[in-house]
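Q: Curious how this folds, go ahead:
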Amino acid sequence: MVSVRTTTIGGISYLQVVRYLKTPDGKTKIDVVKSFGRDTLENRLKAEQFAASYDKLEEFASQFKQQQGRESNELLSVALAIFGVVLGAAIVSAIIANIFSDD
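A: Okay, the predicted model is just below:
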């Protein structure tokens with residue numbers, strides 16, 4: 001799951017969509033999925049929409065993979081049409097590749 005966080009640099013707050021990962025030694029690593037610039041209302045709404053779409057696509061791709069005989073290319077074209085505008089083609093492709101490579 002991803003989440004939206006703010007980080008302050010030089011007194012200015014910036015928005016990021018991040019994933020918190022546990023390392024084998026028990027520490028937490030922050031993976032920045034996408035940065036959205038200054039913390040404004042418009043950017044916050046874009047970041048929240050991005051995070052929700054990212055989580056929904058990961059969830060759906062995992063469920064889709066569980067169905068017998070389903071292939072990643074079958075999901076990719078539909079996911080690009082639905083999620084591509086918000087997430088972008090590279091991120092949609094990466095999510096699907098990651099889910100289907102978990103074997």
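
Q: residues contacting F83?
A: Residues near F83 by CB atoms under 8 Å, 6 or more residues apart in numbering: S53, K56, L57, V92. For the C-beta atoms, the positions are set from N, CA and C on the backbone; glycine is no exception.

Q: Give me the pLDDT value at Q66.
A: Looking at Q66, its pLDDT reads 89.

Q: residues near it, how many?
A: The local packing of Q66 (other CB atoms under 10 Å) involves 8 other residues.

Q: Show the backbone phi and psi for it.
A: Per-residue torsions, Q66: phi -70, psi -20 (degrees, to the nearest 10).

Q: How about D39?
A: Dihedral angles (degrees, to the nearest 10) for D39: phi -80, psi 90.

Q: Could you check how far L87 is from Q67?
A: As judged by CB to CB, to the nearest Å, L87 and Q67 stand 22 Å apart.

Q: returning to what we had before: pLDDT, distance to T7 and neighbour count added to the contacts of F83, as TSV?
A: As requested, these are exported to TSV (pLDDT from 0 to 100; distance: CB to CB, whole Å; neighbours: other CB atoms under 10 Å):
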residue	pLDDT	distance to T7	neighbour count
S53	98	22	19
K56	97	25	14
L57	97	25	22
V92	97	25	23
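
Q: And the pLDDT at the residue most central in space within the chain?
A: Closest to where the C-alpha atoms of the chain average out (CA atoms, centre = their mean) is Y54, at 3.7 Å. We have a pLDDT of 98 for Y54.

Q: how deep is the nearest residue to it once chain neighbours are set aside tucked in, by neighbour count?
A: Excluding its sequence neighbours, the residue lying closest to Y54 (CB to CB, 6 or more residues apart in numbering) is V2, at 5.1 Å. If you count neighbours by other CB under 10 Å, V2 ends up with 21.
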